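[1] pasting the sequence and the predicted coordinates here, then a few questions.
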Amino acid sequence: MPARRDVRVQGCLEEPVAAHSQYEELARQLSAIGAVKREMGRILPQDCPPASAGVLTLLDRHGEMRMSQLAELLAIDTSVTSRHVAHVCERGWVERKADPEDRRSRLLRLTPSGRELLGELAERYTAALARYLSDWTDDDIGCLNALLARLRTSFGDCRPRGAHHHVPDPRATHDSRTTLAPTD
């Protein structure tokens, strides 16, 4: 067993190498995050499903962009992105305008009503998190934030679908590989 190295991550103790059982438990916990995401999705307005909220959030964060860039950021096919964009455009939350650099392309831009809706969504999310985590300390929440950010950093930018990460199955006796695919 490796020697323990104590390193602080915003108040959380870090182990240098986790035991195999720890990775198995982490895999179970990450899989169960889907239930948390679905519960948080229930707080959204009826006409704003999670995919629409994602489109609005990305446009707010990155500014106007082409459909292809949005599809890449969402890590979904352009045809699916097009349906999501149609939904938010029909509600007046996003507008399409001609791209001055390429008149054949359209730029997507968040509208004032889209920004207003994002403000409402932020209030709903914050209130829900405060309600669900009311028995957590500020340190607990800070630790979770730090560890989730570190997890995302460890995986890098995992949005592009072209490159799958392959991890050998430690139980396999031959050179089989397991493809890790995102799950909800």
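    Sure thing, it's come through.

[2] in this structure, which spans are helices?
    Remark: helices assigned in the chain by DSSP state H are 20-41, 50-62, 67-74, 78-90, 112-132, 138-155.

[3] what about Cys48, how many residues nearby?
    20 (other CB atoms under 10 Å). From N, CA and C alone the C-beta is placed, and that goes for glycine too.

[4] my read: it touches Leu121, true?
    Yes: counting by CB atoms under 8 Å, Cys48 does reach Leu121; the two are 7.3 Å apart.

[5] by residue count, tell me the biggest strand in the protein.
    Longest strand of the chain, by residue count under DSSP state E: strand 102-110.

[6] coming back round to it: so which of the helices of the chain is nearest Glu101?
    Nearest to Glu101, of all these, is helix 67-74, at 12.9 Å by CB to CB.

[7] if we can go back for a sec, quick one, the longest strand of the chain and helix 78-90 angle?
    Calculated by axes from the mean of the first three to the mean of the last three CA atoms, to 10 degrees, strand 102-110 forms an angle of 60 degrees with helix 78-90.

[8] who does strand 102-110 pair with, and is each partner parallel or antiparallel?
    Strand 102-110 pairs in its sheet with strand 65-66 (antiparallel), strand 94-99 (antiparallel), by DSSP bridges.

[9] show me what counts as buried in that strand.
    106-108, 110 (16 or more other CB atoms under 10 Å).

[10] and the strands paired with strand 102-110 as a markdown table, adding mean pLDDT and mean neighbour count?
    Below are the strands paired with strand 102-110 laid out as a markdown table (pLDDT from 0 to 100; neighbours: other CB atoms under 10 Å):
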| stretch | mean pLDDT | mean neighbour count |
| --- | --- | --- |
| strand 65-66 | 96 | 16 |
| strand 94-99 | 94 | 15 |
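
[11] distance to Glu72 for those - can I get that in a markdown table?
    Output for these, formatted as a markdown table (distance: least, CB to CB, whole Å):
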| stretch | distance to Glu72 |
| --- | --- |
| strand 65-66 | 9 |
| strand 94-99 | 16 |
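
[12] quick one: closest of these to Leu144.
    Between those, strand 65-66 lies closest to Leu144; by CB to CB that is 30.5 Å.

[13] please report the distance of Pro100 from Val94.
    18 Å (CB to CB, to the nearest Å).

[14] please pull out the lowest mean pLDDT helix or strand from the chain.
    strand 177-179 (a mean of 30; mean pLDDT, DSSP states H and E).

[15] re earlier: and of the strands paired with strand 102-110, who's closest to Ser82?
    That would be strand 94-99 among these, by CB to CB, at 10.8 Å.
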